[in-house]
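S.K.: could you look at this predicted model? Sequence included:
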Number of protein chains: 2
Amino acid sequence: MNSTVDIGKFYYFFPQAVAVVGIDKNVMPAAWHTPISADPPLYGVLISPKRYTFELLQKRNGFTVNFLEHDQAHLIAKIGSTSGRDINKLNEFNIKFVPAEKVDGPLLQDSYAIYECEKFAVEEYGDHFLFIGKIVLIHYRKEIVSSGQLVDEKKVTPLLYFGQDRYITINPQTLSVFKRK
Amino acid sequence: MNSTVDIGKFYYFFPQAVAVVGIDKNVMPAAWHTPISADPPLYGVLISPKRYTFELLQKRNGFTVNFLEHDQAHLIAKIGSTSGRDINKLNEFNIKFVPAEKVDGPLLQDSYAIYECEKFAVEEYGDHFLFIGKIVLIHYRKEIVSSGQLVDEKKVTPLLYFGQDRYITINPQTLSVFKRK
């Protein structure tokens, strides 16, 4: 093993599903996000203060988290390399959406699952802010779910980010299950 | 799309790389983790107060984050279903490791990359605590890295967790690159 104190972009944690954060009339793909709590159900996204989404998150009381498939990588790359300060991405890229029910953000119609999140907590850490939302409503394509709310690996190809404009997805044939005794 | 306020385990964010958190003489796989900041380089793991690792994280000043390949799923399942309160997992499962250089935790020798993290911040959110570490040293297998510290999708099969004891990995042939203009 090599060792380095040159931490750089520490890309080793990838791949990671892309979370498309929707708020107001804007969308941005976030590669830094995680569940925070099971009960209450909390979800966190890390957003740089440089982003237009950051401004919106400070003003609004909620946001959506949209999960899309690998065949949408070209679109996600576009919405990740443009700013809502300059263009209305939803219009510009002909993104199909409807308004969320409980928060002020879009539900992207090509998503296989979407969380509606009410703002729960905000904290600054280093050069990003952690915005935590409480999941109050979930939308999902019924046909991609197997028993117990699990995503069926044969029916969905989650869009995973692999660092520096690279996207990838799973190989369903590699699924391994190790039941607890 | 179906909609539900029955939030349940909201498994839709999976798959997610498994981060094996090492501290003292113990290891546990975490599926809830994320980068937090680029500069300083911060990494966060969500840990339930029920876990033995939680006790250790409160006492110690750092931890390791180990990334392993898909062929280690059987081992990760074992260390995820046992507690360091009952057994020494490193001994019990014959896990090869050496001590970290800057923090008090193991470096798992089958990892393709490992972060050594000094404790930076701790915050309680809902039923979990977010432990944030500052990455002070990275170990990596040189042969799995392509240019710019990127993980080479043809040379590593990252272990991804897919919810409820299911593991999966990537399909390297699905890599798509969309360069920014």
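M.R.: Great, that's in hand.

S.K.: now do the helices in chain A.
M.R.: Assigned by DSSP state H, the helices in chain A fall at A:52-59, A:73-80, A:89-92.

S.K.: show me the shaky parts of chain A.
M.R.: For chain A, applying pLDDT under 70 flags the ranges A:181.

S.K.: can you pull up the most central residue in it?
M.R.: Among the residues of chain A, the one closest to the centroid is A:Ala19, at 0.8 Å (C-alpha atoms, centre = their mean).

S.K.: need the contact list for that residue.
M.R.: The contact partners of A:Ala19, by C-beta atoms under 8 Å, 6 or more residues apart in numbering or on different chains, come to A:29-31, A:33, A:45, A:65-67, B:13. Glycine gets a C-beta too; all of them are placed from N, C-alpha and C.

S.K.: follow-up on the earlier one: closest to chain B out of the helices of chain A?
M.R.: Minimum separation from chain B across those (C-beta to the nearest C-beta) falls at helix A:73-80, 3.4 Å.

S.K.: so which elements touch that closest one?
M.R.: strand A:26-30, strand A:166-177 (3 or more C-beta pairs under 8 Å, 6 or more residues apart in numbering or on different chains; DSSP states H and E).

S.K.: send the alpha carbons of it over as CSV?
M.R.: The C-alpha trace of helix A:73-80 is given here as CSV (Å, rounded to 0.1, in the frame of the first residue of the first chain):
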residue,chain,number,x,y,z
ALA,A,73,-26.3,10.6,-16.9
HIS,A,74,-26.1,13.1,-19.9
LEU,A,75,-28.8,15.2,-18.3
ILE,A,76,-27.3,15.1,-14.8
ALA,A,77,-24.0,16.1,-16.2
LYS,A,78,-25.7,19.2,-17.8
ILE,A,79,-27.5,20.3,-14.7
GLY,A,80,-24.3,19.8,-12.7
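
S.K.: wait, doesn't A:Ile144 sit right on A:Lys155?
M.R.: Yes: between A:Ile144 and A:Lys155 there is a contact under C-beta atoms under 8 Å: 4.7 Å.

S.K.: what ranges do the strands span in chain A?
M.R.: A:2-4, A:16-17, A:19-23, A:26-30, A:33-37, A:42-47, A:62-67, A:97-99, A:106-108, A:113-125, A:128-140, A:160-161, A:166-177 (DSSP state E).

S.K.: count residues in the vicinity of the closest residue in space to A:Ile95 that isn't next to it in sequence, would you?
M.R.: Of all residues not flanking A:Ile95 in the chain, A:Leu108 sits nearest, at 6.2 Å (C-beta to C-beta, 6 or more residues apart in numbering or on different chains). The tally of other residues near A:Leu108 (other C-beta atoms under 10 Å in any protein chain shown) stands at 23.

S.K.: if I look at A:Cys162, how far off is chain B?
M.R.: Careful, residue A:162 is Phe; it's not Cys. Between A:Phe162 and chain B the computed distance is 7 Å (C-beta to the nearest C-beta, to the nearest Å).

S.K.: what of A:Val98?
M.R.: A:Val98 is 9 Å from chain B, where distance means C-beta to the nearest C-beta.

S.K.: what residues are up against A:Val156?
M.R.: Per C-beta under 8 Å, 6+ apart, neighbours of A:Val156: A:69, A:112, A:144.

S.K.: I'd like the residues you listed written out as a markdown table, with distance to B:Tyr140 added.
M.R.: Formatted as a markdown table, these follow (distance: C-beta to C-beta, whole Å):
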| residue | distance to B:Tyr140 |
| --- | --- |
| A:Glu69 | 30 |
| A:Tyr112 | 33 |
| A:Ile144 | 34 |
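
S.K.: near chain B, from the residues you listed?
M.R.: A:Tyr112 (C-beta under 8 Å from any C-beta of the partner chain).

S.K.: most surrounded residue in the contacts of A:Val156?
M.R.: That'd be A:Tyr112 among the contacts of A:Val156, by other C-beta under 10 Å, with 22 neighbours.

S.K.: that one contacts A:Lys142, doesn't it?
M.R.: No: using C-beta under 8 Å, A:Tyr112 makes no contact with A:Lys142, being 10.2 Å away.

S.K.: related to what we said a few turns ago, do I have it right that the residue nearest to A:Ile95 meets A:Phe97?
M.R.: Yes: look at A:Leu108 against A:Phe97 with C-beta under 8 Å: they come within range, at 5.3 Å.

S.K.: can you list residues touching both of these two?
M.R.: A:Gly22.

S.K.: related to what we said a few turns ago, I'd like to know which of the helices and strands packed on helix A:73-80 lies nearest to A:Asp127.
M.R.: strand A:26-30 (14.6 Å; C-beta to C-beta).

S.K.: ok, the closest one: who's next to it in the sheet?
M.R.: strand A:19-23 (antiparallel) (DSSP bridges).

S.K.: thinking again about what came up before, how about JSON lines for the contacts of A:Ala19, with distance to A:Gly133 and neighbour count added?
M.R.: Output for the contacts of A:Ala19, formatted as JSON lines (distance: C-beta to C-beta, whole Å; neighbours: other C-beta atoms under 10 Å in any protein chain shown):
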{"residue": "A:Pro29", "distance to A:Gly133": "16", "neighbour count": "22"}
{"residue": "A:Ala30", "distance to A:Gly133": "12", "neighbour count": "23"}
{"residue": "A:Ala31", "distance to A:Gly133": "17", "neighbour count": "20"}
{"residue": "A:His33", "distance to A:Gly133": "10", "neighbour count": "24"}
{"residue": "A:Val45", "distance to A:Gly133": "8", "neighbour count": "25"}
{"residue": "A:Val65", "distance to A:Gly133": "8", "neighbour count": "26"}
{"residue": "A:Asn66", "distance to A:Gly133": "13", "neighbour count": "26"}
{"residue": "A:Phe67", "distance to A:Gly133": "15", "neighbour count": "23"}
{"residue": "B:Phe13", "distance to A:Gly133": "13", "neighbour count": "22"}
